[in-house]
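>>> Could you look at this predicted model? Sequence included:
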Amino acid sequence: MIVLGIETSCDETGIAVYAGERGLLAHRLHSQVATHADYGGVVPELASRDHVRRVLPLVSDCLAASGLGTGAIDGVAYTRGPGLAGALLVGRSVAEGLGWALDCPVLGVHHMEAHLLAPMLEAAPPALPFLALLVSGGHTLLVEVAELGRYRLLGESLDDAAGEAFDKTAKLLGLPYPGGPQLEALARDGEPGRFHFPRPMTDRPGLDFSFSGLKTAVVSAVREADRDEATRAAIARAFQDAVVETFAIKVRRALEQTGVGHLVVAGGVGANQALRSRLREVAGSCGALMACPRLEFCTDNGAMIAYAGYRRLRAGERDAGACDIRPRWPLTELQAPAPAA
């Protein structure tokens with residue numbers, strides 16, 4: 001089965017072609033960072049309009065790169081949710097149009113399930129079951145993955161997602177959009193230990209997260225400290241250290257609680273090298289292996305949508321007629337594909 005994947009959940013237009021026997025054949029991505037930089041964040045209407053302009057040319061480019069014509073496509077997968085409503089509608093409309101024109105099945109997939117499965121695109125995929133830490137601008141989840149569609153939510157952020165906290169802290173420090181990578185770069189030059197911020201909710205049982213209090217602590221430090229470059233770098237370092245160590249503590253608990261042998265770290269914040277390094281240490285000390293998608297597949301991309309769609313389309317799932325988008329869609333609502341008759 002050859003599947004075309006379309007990702008339009010936020011501000012990246014991602015297209016990919018995945019073939020069951022040969023794997024990922026091609027992928028293309030257009031980022032809207034330059035479009036939204038002047039606003040300090042994603043403007044939903046601008047995002048939707050840019051998807052309209054980009055998606056079909058990227059489909060053509062991706063098919064050409066894969067060496068395939070449209071007639072070779074056996075199914076189309078698109079991001080049904082969660083995400084920005086207007087952006088999701090663009091992807092759904094294009095997918096349904098292609099499905100009708102090519103007379104092939106169409107399936108809307110869950111954006112976070114696709115992030116969960118992204119490491120399966122690598123040469124050494126994790127073995128099931130595994131523990132997944134999904135960390136992005138909109139989500140922070142600890143999930144036990146038994147198999148496709150069988151997910152047990154162990155912990156989540158009760159307020160800000162980790163990526164949101166990174167972006168807000170970066171803005172406080174006067175860093176340009178997108179803030180997460182800028183803050184990571186600044187933190188490399190920061191003096192360790194000059195500032196110390198709390199590790200939220202690590203002094204109590206459980207696997208949930210909270211980052212709003214950490215952000216408040218940063219606000220106080222920025223107000224009271226000098227604004228020279230060394231101070232800004234030290235604050236960035238202390239903030240990143242607090243987030244990384246919070247994740248390390250919670251991931252260790254989750255690995256000990258579940259006893260699984262693999263840890264997966266995915267999502268945009270999963271590209272942070274300090275986080276990857278620390279969690280690899282934690283996994284090793286617990287006798288587990290760690291797997292991550294390649295850096296270009298940590299952020300939103302079409303390859304993970306094509307792969308997730310392939311897995312479910314191959315199992316016989318299809319959209320039943322026009323399918324509503326799901327801007328809010330809990331991961332726990334997903335189910336494993338029904339056994340083949």
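Right, received. Where do you want to start?
>>> going forward, measure contacts and count neighbours with C-alpha atoms only.
Noted.
>>> now the end-to-end length of stretch 260-280.
This stretch, stretch 260-280, spans 15 Å end to end (C-alpha to C-alpha, to the nearest Å).
>>> For this structure, which segments count as strands?
Taking DSSP state E as the test, the strands found in the chain are 2-7, 12-19, 23-31, 75-81, 106-110, 130-135, 140-147, 150-156, 262-266, 289-291.
>>> of these, which approaches Leu173 most closely?
Among the strands of the chain, strand 130-135 comes nearest to Leu173, with 21.6 Å by C-alpha to C-alpha.
>>> who touches Phe211 in this structure?
Going by C-alpha atoms under 8 Å, 6 or more residues apart in numbering, Phe211 touches Ser157, Asp159, Asp160, Ala161, Ala162, Ala165, Pro200.
>>> and those, which are buried?
Taking 16 or more other C-alpha atoms under 10 Å as the criterion, what is buried in the contacts of Phe211 is Ser157, Asp160, Ala161, Ala162, Ala165, Pro200.
>>> From what I see, the last one and Gly213 are in contact.
Yes. With contact defined as C-alpha atoms under 8 Å, Pro200 and Gly213 form a contacting pair (7.3 Å).
>>> how close does the spatially closest residue to Ile73 that is not a sequence neighbour get to Asp319?
The shortest distance from Ile73 to any non-neighbouring residue, by C-alpha to C-alpha, 6 or more residues apart in numbering, is to Ile2 (5.4 Å). As judged by C-alpha to C-alpha, Ile2 and Asp319 stand 17 Å apart.
>>> now Leu121
Going from Leu121 to Asp319 by C-alpha to C-alpha gives 24 Å.
>>> who's more crowded, those two?
Set side by side, Leu121 and Asp319 show more neighbours around Leu121, with 18 against 15, by other C-alpha atoms under 10 Å.
>>> Look up how far Ile305 lies from that one.
Using C-alpha to C-alpha, Leu121 is found at 11 Å from Ile305.
>>> re earlier: same list (the contacts of Phe211) but as a markdown table, adding distance to Leu102 and pLDDT.
Shown next, in a markdown table, are the contacts of Phe211 (distance: C-alpha to C-alpha, whole Å; pLDDT from 0 to 100):
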| residue | distance to Leu102 | pLDDT |
| --- | --- | --- |
| Ser157 | 42 | 95 |
| Asp159 | 43 | 93 |
| Asp160 | 42 | 90 |
| Ala161 | 39 | 91 |
| Ala162 | 41 | 92 |
| Ala165 | 43 | 93 |
| Pro200 | 51 | 93 |
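>>> now, which of these lie within helices?
The helices, defined by DSSP state H, take in Ala162, Ala165 from the contacts of Phe211.
>>> list the contacts for the most centrally placed residue in the chain?
What sits nearest the mean C-alpha location of the chain, by C-alpha atoms, centre = their mean, is Gly267, with 2.8 Å. Going by C-alpha under 8 Å, 6+ apart, Gly267 touches His115, Leu134, Val135, Ser136, Cys298, Thr299, Asp300.
>>> same thing but at 7 Å, please
Residues near Gly267 by C-alpha atoms under 7 Å, 6 or more residues apart in numbering: His115, Leu134, Val135, Ser136, Cys298, Thr299.
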